[in-house]
Structure formats: C-alpha cells, structure tokens
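Undergrad: Fold the following and give me the result.
(one chain, ligands or ions: 1)
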Amino acid sequence: MDLLRRSLAGVIVYAFILPVIFWPLHFVEAKHDLAYILCGCMFLISVLRLIHYYFSKPLYKFSARLWFLLFALFSLMHAGILGFVFTLAIFDERFTPIIHISMLATAGISVSALFALSPRIRFALLNLSFLMMPVMFTGFLTEEYIPLASMMLVFLLYISGIGIRSNREYRRSFDIEIELEAQRKELETLNQTDALTSIYNRGYFNQHFEDQWQYAMRHELEIAILLIDVDHFKAINDTHGHLAGDACLVNLAYAINKTVNRAIDVAARYGGEEFVVLLSGCNTEQARSMAQKIEQAIQDHKFVHEGTVIPVTVSIGIATTMPKPKQKSSTLIDQADQALYQAKAQGRNRSIVFTEDE
Ligand SMILES: Nc1nc2c(ncn2[C@@H]2O[C@H](COP(=O)(O)OP(=O)(O)OP(=O)(O)O)[C@@H](O)[C@H]2O)c(=O)[nH]1
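TA: A predicted model of the protein is given here:
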C-alpha cells in the first residue's frame with residue numbers, strides 16, 4: 001500500500017507529461033494519430049491508477065495479489081509508453097534539439113520511479129528496465145548515440161545499486177517500526193498486568209472503571225463492584241511460607257478471572273490479597289450471583305501445596321449503583337469496602353451486598 005502513496009505524484013505527472021513534450025515540438029502536427037494515442041493512453045492509465053488508488057483498501061482486503069497485479073500492470077504500462085517515447089526521440093528529428101534534455105528526463109523519471117517503487121526492489125528494477133532499456137539499446141545500435149547509451153548504462157547500473165541499498169534501508173526501518181510497535185504493545189501489557197498473578201493490575205482497573213462509569217452514566221446503566229479478600233491469608237503465609245502464599249494468590253486470580261468471562265467485565269488484583277471485579281450493566285441480583293459463582297470456582301479450584309489441599313475461602317463486598325452526574329466513582333469502591341468489612345465481621349467466607357443503612 002505504501003507503494004501507492006509513494007508513486008501518486010508520478011501518476012499525476014505521467015498524465016500530462018507527453019502533451020508538454022509533444023506540443024512545443026510540433027510532434028502532434030507531424031504524427032497526429034500517434035501523438036493522440038500516446039497522450040490518451042498515458043492519461044487513461046493515470047485515471048485507472050487513480051481509481052485503483054481510490055478503491056485500494058477494499059481491493060487490498062479482497063485480494064492483495066490482485067491489488068499488486070493491477071498496480072504493477074498500470075505502472076509498467078506507463079513505463080513502457082515512456083520508454084517507447086524516449087526511444088522515438090532518437091529517431092525523430094523533431095526531438096534532435098532536445099535529445100540531451102530527453103535523456104536527462106529519462107534519467108530523472110527513472111530515478112524518481114525507482115525510489116518510489118524501491119520497497120519492491122525487483123519490481124522497481126523491472127519498471128526501470130521498461131523505462132531505460134529500449135532507449136539504451138537503440139542508442140547502442142545507432143552509432144552517433146553510442147557514447148550517450150554507454151553513459152546511460154553506467155547510470156542505470158549506478159542507480160540500480162542505490163535502489164537496492166535504499167530498499168535495504170526501507171526494509172530495515174520497516175523492521176524497526178514493527179519491532180517498536182511490538183515493544184510498545186508488550187510494555188502496554190506489562191503496564192496493565194499484575195506481575196505475580198498475570199491478571200489486570202489496579203492501574204488498569206482504575207482506568208477501565210472510570211471509562212465504564214462514564215459509559216454507564218450516559219446510558220443509565222447499573223454498574224457493580226465486587227471486592228474480594230482472602231480470609232486469614234496471613235495464616236497461609238505464616239504456616240506454609242510466603243512462596244506458598246504467592247502460589248495461592250496465582251491460583252485465586254486464575255479462578256476469579258476464569259469466572260468473570262464477559263469481555264466488558266474486568267477482574268484485577270487490587271493489592272495484596274485483595275481482588276476486584278467490575279461488572280458493567282449489572283444489577284444487584286446479577287452481582288450477587290456472580291459472587292456466588294466466584295466462591296464456587298474458588299472452592300472447586302483446590303489449592304494444593306506440597307501434596308496437601310489448603311482450604312482457601314474469600315469474603316466479598318458487593319456494591320451496585322446507576323452512576324449520577326455528581327456522584328464520584330470512588331464512592332462505589334468505598335461501599336464495596338464497607339460491605340466487605342461486614343462480611344469479615346460476620347465470620348468471613350461469605351458475600352454481603354452494601355445497603356445504605358449499613
Ligand atoms: N505471599 C504473599 N502475601 C501477601 C502478598 N501481599 C500481601 N500479603 C500478605 O497478606 C497478608 C494479609 O493479612 P491481613 O491483612 O492481616 O489479612 P488476613 O490474614 O487475610 O485476614 P483477614 O483479611 O482479616 O481474613 C499479610 O500477611 C501480607 O503480608 C503477596 O503478594 N504475597
């Protein structure tokens with residue numbers, strides 16, 4: 001696709017280049033039909049190339065191969081006609097006063113075409129040969145133009161070398177761009193992910209929560225928060241060691257994350273042994289049902305350490321609301337926290353929904 005953008009200027013120039021050369025030389029009067037056919041073809045091909053440019057995206061999606069075939073066909077047609085005209089210049093005396101300028105123009109157009117097409121170097125060289133080879137070989141066959149043709153050959157070899165180098169640089173910069181994009185994505189993921197449990201971290205949760213809060217406010221939807229805290233986690237650490245505690249957190253994160261499976265919902269590690277779940281477009285009943293599912297998943301997903309099952313339970317604080325313009329999103333977290341406190345106070349291993357009178 002980059003090829004198209006790079007060669008667009010050439011497409012416009014090619015549409016008008018022949019009339020600009022033919023009219024002042026009175027070539028049109030002498031070779032009326034040929035002049036009109038050549039100018040018409042160049043113009044028509046430019047129009048076809050512009051149509052190709054305009055429909056490029058859908059065509060590329062439909063078939064990248066067809067897209068390139070058409071691009072190559074039109075470019076080579078342009079190059080072929082120009083190559084023919086430059087060859088004509090050697091034989092037609094009307095061109096004699098400008099023969100050197102013609103050769104210079106051939107060189108100039110060849111260079112710009114080569115650089116525009118250098119991302120596809122083999123095609124660029126083919127295009128270059130369509131432009132330069134006919135005039136060069138004809139020059140070699142016409143005694144008086146042999147020195148000129150020899151210079152063109154040297155020039156052709158020289159710019160081919162530069163084209164190949166430019167292609168390598170283009171590819172290298174392309175590779176660097178791809179690598180940078182991959183690194184950027186990796187960094188973004190790292191930035192959003194909790195290092196221990198590999199689920200979302202608090203930073204990502206805060207951002208997502210704020211977005212969903214605004215969305216829920218605009219569309220008058222309910223939104224729910226579940227704050228999940230491991231019961232007596234300190235005891236697990238103290239009895240089985242910190243590494244076992246870590247493994248337990250990984251286990252829990254997996255069970256919670258697997259249960260929260262709607263794409264819009266988010267489970268994250270909120271800090272220490274605390275997790276948070278954000279459910280968008282979800283009322284209290286649905287939030288309560290999700291809390292039960294999480295409890296069940298944690299129960300089913302047994303945590304085994306050194307061959308023994310370590311019982312792990314959680315307490316969950318639930319809060320739901322339909323966000324109002326003056327309401328702060330942090331109030332919902334506070335309410336879930338208060339409900340969690342209640343769950344702990346009432347003996348743990350349960351979920352409690354926040355109500356105003358609590
Ligand atoms: N292994 C491990 N422990 C952690 C991590 N983050 C926090 N903790 C521990 O989690 C424990 C939390 O203890 P408390 O806040 O007293 O809570 P608890 O023992 O779970 O008791 P309740 O919450 O009241 O049921 C502390 O001992 C922290 O050191 C972690 O990343 N890995």
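
Undergrad: Could you look up the SS state of the closest residue to the ligand within the stretch 201-350 of the chain?
TA: The minimum distance from the stretch 201-350 of the chain to the ligand, using C-beta to the nearest ligand atom, falls at residue 245 (2.6 Å). For glycine as for every other residue, the C-beta is placed from the backbone atoms N, C-alpha and C. Recorded secondary structure, residue 245: helix (DSSP: H, G, I helix; E, B strand; the rest coil).

Undergrad: gap between it and residue 272?
TA: According to C-beta to C-beta, to the nearest Å, residue 245 and residue 272 sit 10 Å apart.

Undergrad: overlap in contacts of the two?
TA: Contact with both residue 245 and residue 272 is made by residues residue 233, according to C-beta atoms under 8 Å, 6 or more residues apart in numbering.

Undergrad: related to what we said a few turns ago, so who does the residue of the stretch 201-350 of the chain closest to the ligand touch?
TA: 233, 236-237, 273.

Undergrad: do that again at 7 Å, thanks
TA: 233, 236-237 (C-beta atoms under 7 Å, 6 or more residues apart in numbering).

Undergrad: Keep only these that also lie close to the ligand.
TA: 233, 237 (C-beta under 6 Å from any ligand atom).

Undergrad: Who wins on neighbours among the contacts of residue 245?
TA: Neighbour counts for the contacts of residue 245, by other C-beta atoms under 10 Å, peak at residue 236, which reaches 23 neighbours.

Undergrad: Tell me the residues of the stretch 51-200 of the chain that contact the ligand?
TA: Counting by C-beta under 6 Å from any ligand atom, the stretch 51-200 of the chain sits next to the ligand at residue 196.

Undergrad: In the stretch 51-200 of the chain, which residue sits nearest the ligand?
TA: For the stretch 51-200 of the chain, C-beta to the nearest ligand atom, closest residue to the ligand: residue 196, 5.7 Å.

Undergrad: Got the confidence number for that residue?
TA: pLDDT, residue 196: 96.

Undergrad: Next, count neighbours for it.
TA: Neighbour tally, residue 196, other C-beta under 10 Å: 13.

Undergrad: Is it in a helix, a strand, or coil?
TA: coil.

Undergrad: so who does it touch?
TA: 246, 249-250.

Undergrad: any idea what sits nearest residue 113, other than its immediate chain neighbours?
TA: With C-beta to C-beta, 6 or more residues apart in numbering as the criterion, residue 113 has its nearest non-adjacent residue at 5.6 Å, and that residue is residue 127.

Undergrad: Please state the offset of stretch 257-266 from the chain centre?
TA: Distance of stretch 257-266 from the chain centroid (C-alpha atoms, centre = their mean, to the nearest Å) equals 25 Å.

Undergrad: contacts for that stretch?
TA: 199-200, 205, 208, 267, 277-280, 293-294, 297.

Undergrad: Now it: buried residues?
TA: For stretch 257-266, burial by neighbour count (16 or more other C-beta atoms under 10 Å) applies to 257, 259-260, 265-266.

Undergrad: Could you do stretch 89-109 as well?
TA: 89-90, 94-95, 99, 102-103, 105-107, 109.

Undergrad: want to try a markdown table for these, with secondary structure and pLDDT as columns?
TA: Listed next are those as a markdown table, based on DSSP: H, G, I helix; E, B strand; the rest coil; pLDDT from 0 to 100:
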| residue | secondary structure | pLDDT |
| --- | --- | --- |
| 89 | helix | 82 |
| 90 | helix | 80 |
| 94 | helix | 78 |
| 95 | helix | 76 |
| 99 | helix | 74 |
| 102 | helix | 74 |
| 103 | helix | 75 |
| 105 | helix | 79 |
| 106 | helix | 79 |
| 107 | helix | 82 |
| 109 | helix | 84 |
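
Undergrad: Let me know the pLDDT of residue 108.
TA: 85.

Undergrad: Backbone dihedrals for it, please?
TA: phi -60, psi -50 (degrees, to the nearest 10).

Undergrad: got the domain boundaries for the protein?
TA: As recorded under automatic domain parsing, the domains making up the chain are 2-185, 202-353.

Undergrad: And these: which comes nearest residue 191?
TA: Residue 191 lies closest, by C-beta to C-beta, to one member of the domains of the chain: domain 202-353, at 7.0 Å.
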